[in-house]
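S.K.: Sharing a model prediction with you, sequence too.
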Amino acid sequence: MLPDAVLTIQTLGTEHWNEIPTLGLSTMAEAFRDKATPGEVPVLRSGLSHDKPVSEGTKLQVLDDLCVGCSYCLMACKDDALVVEGLCEVIEKNCTDCLRCLLWCPTGALVYA
Amino acid sequence: MDKSKAVVIGAGLGGLTSAAMMSQTGNYDVTVYERMSFAGGRFTQHDHDGFQIPTGAVHTIPHGRKGPFAKLILGKKNKGGLDLGKRGVEFLPTTKFAGMMREGKHYASNSVYGLLPWFPIRNTLNMPRLLASRAKRPWGDETVDGRTWLRKMFTDDFIDFLDAFSNFAISLRFDQMPASTVARMLQNSFWSDRPHIPKGGCKGVIDGLRSELRGNGARLKLSHEVTEILPGEAEEETKKNRFCIGIRRRGRESPTWIGADSIIHNGGHPNLLGSLSDDFEVSEEVRRRVENTQAVGGIGFVFDLDDKIPQRDSGVTMIPGRERVGGYIIPTFSEPDLAPEGRHMMITHQYVPDPSVKSEISKGRDEIFEAIPWLSDHGEELCVHTYHRNWPCNRAPMGAELPSDIGVEGIRLVGDGVKGHGWMMIEGIASNVPRAVDEICTSMEPGISP
């Protein structure tokens, strides 16, 4: 039995599948196990124009001149891996690379580099 | 028969309402492109352990059921509204009209008349003078700022109260605004309804708008960034259209080109001018105005409160006479679903006089704890939001709004840089949307691709 959120997404169609922040990656992956085209899932693991896709050895970083301190990433983070007071800071040992923060960031200040 | 292609850039409140209005006509093929992975922009919320933390708009509809926002969202279709009541959008009144926290004492009033007795009688006697001022339009070359102008009529403590209100609502002080804007803003607030909280928070409205878009066959594409706007002739497949827009999906390298016959832009003037190619002529004057416009910053704290707090109302409470903090609201007394059961959520707002945000945050925090005596016993800070630079409170300060029309046929701007004169917060966005959509619709011949 799939959770309600999954069913909602399935009825909405694939164009809404990027809405992970509200649903959680695993839920989304489940919802689109059949629908997502192979090779598209890695697309999720990247941000705006200036950031690189996740690969071995890259870490979540904050570009200070883009960060405005809006705290959206902090609210999205489930692992206490971020601190925001004027600027965002990453606590590396807590970060699980779930990328929720990156998807909420309005200015593209969170990148993998 | 191909329908004309209407593109909306940015799925913020302005973008989604414009798209919903256009899709309701049924004459256009409407698509909304949003660069981020969520819709709503600064008018939505995060679910953080059951707390519905707003992304900006403090869950408040400042003018309630009488303002332009309610007219646009809940108004019937034959009166130019979107009639989203059918989609489950509902506004819940705050339990008080407004309140004040002065020297540790809390005041609350049920109407605008109820708050006048908190101040010397001179203010009440002079109220008709404020209301009779002709301020429907800007006065033109204004040399008088709002505070100096109000001094002629009101005592300082009353002006401080109104100033705190302006600080909370639009992150500006009266001495930073032209007098006509201040006059009109206060007149609008005087005649308006008490503030309302949308059911389910800001996201309740956004969800209503999204279901309306889906119902009308319009598309919303999240994680799609607009890179460039070119004339239609630039690419083979968009020759029939007026514009050719480069859209890059998040994570992809190269853009794809799509055609559009009209563009409603909800991403701010600097971003529009940045993506607009040189083939379109934008006058020097508009460019200069955009360059000279400084976005307005602000800082908002969110507190988690227990159920034993002495204040039991959800009215906007002003903290007058403070250097930074403007006021706070506890929306959970109107809409309990915004916090987990037995908890409350308080949102404060303060303006940023100094660009060094970090010190402003700690000074603001001190002011809040000093002003609200019960806070340290009953509250815990959840987070602090700062808004400035490319993610500001308002893209243009109140009283210095930019034009919706930048002189390019088929492009109009909506959103918080182009508010109507004297309308604050989301009311300002809503007051400008119908006109922008109207102008776009008349610029396209419905049903036929030009």
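M.R.: It's in. Numbering: from 1, shown residues only, chains lettered A, B, ... in the order given.
S.K.: thought residue B:435 was touching residue B:405?
M.R.: No - counting by C-beta atoms under 8 Å, residue B:435 stays clear of residue B:405, with 9.8 Å between them. Glycine gets a C-beta too; all of them are placed from N, C-alpha and C.
S.K.: how deep is residue A:96 tucked in, by neighbour count?
M.R.: Neighbouring residues of residue A:96 were enumerated by other C-beta atoms under 10 Å in any protein chain shown; the total is 11.
S.K.: swap that for residue B:376, sorry
M.R.: When neighbours are counted by other C-beta under 10 Å, residue B:376 comes out with 11.
S.K.: Can you name the residues in contact with the helix or strand that contains it?
M.R.: Taking DSSP states H and E as the definition, residue B:376 sits inside helix B:375-378. Applying C-beta atoms under 8 Å, 6 or more residues apart in numbering or on different chains, the external contacts of helix B:375-378 come out as B:303, B:305, B:306, B:308, B:309, B:346, B:368, B:369.
S.K.: Let's see if you can find the most crowded of those.
M.R.: Counting by other C-beta under 10 Å, top hit in these: residue B:346 with 25 neighbours.
S.K.: isn't there a strand covering it?
M.R.: Yes - the assignment for residue B:346 is a strand, going by DSSP: H, G, I helix; E, B strand; the rest coil.
S.K.: Helix, strand, or coil at the spatially closest residue to it that is not a sequence neighbour?
M.R.: Distances taken as C-beta to C-beta, 6 or more residues apart in numbering or on different chains put residue B:303 closest to residue B:346, at 4.3 Å, once the chain neighbours are dropped. Secondary structure state of residue B:303, per three-state DSSP, is strand.
S.K.: which residues sit in contact with residue B:303?
M.R.: Counted by C-beta under 8 Å, 6+ apart, residue B:303 has contacts B:345, B:346, B:347, B:348, B:375, B:379, B:380, B:381, B:382.
S.K.: what would the residues you listed look like in JSON lines with pLDDT and distance to residue B:149?
M.R.: Below are those laid out as JSON lines (pLDDT from 0 to 100; distance: C-beta to C-beta, whole Å):
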{"residue": "B:345", "pLDDT": "96", "distance to residue B:149": "36"}
{"residue": "B:346", "pLDDT": "96", "distance to residue B:149": "33"}
{"residue": "B:347", "pLDDT": "96", "distance to residue B:149": "30"}
{"residue": "B:348", "pLDDT": "96", "distance to residue B:149": "28"}
{"residue": "B:375", "pLDDT": "95", "distance to residue B:149": "34"}
{"residue": "B:379", "pLDDT": "93", "distance to residue B:149": "37"}
{"residue": "B:380", "pLDDT": "94", "distance to residue B:149": "41"}
{"residue": "B:381", "pLDDT": "94", "distance to residue B:149": "37"}
{"residue": "B:382", "pLDDT": "93", "distance to residue B:149": "39"}
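S.K.: wait, which of those residues is closest to chain A?
M.R.: Using C-beta to the nearest C-beta, residue B:382 is the member of the contacts of residue B:303 that sits closest to chain A, with 8.6 Å.
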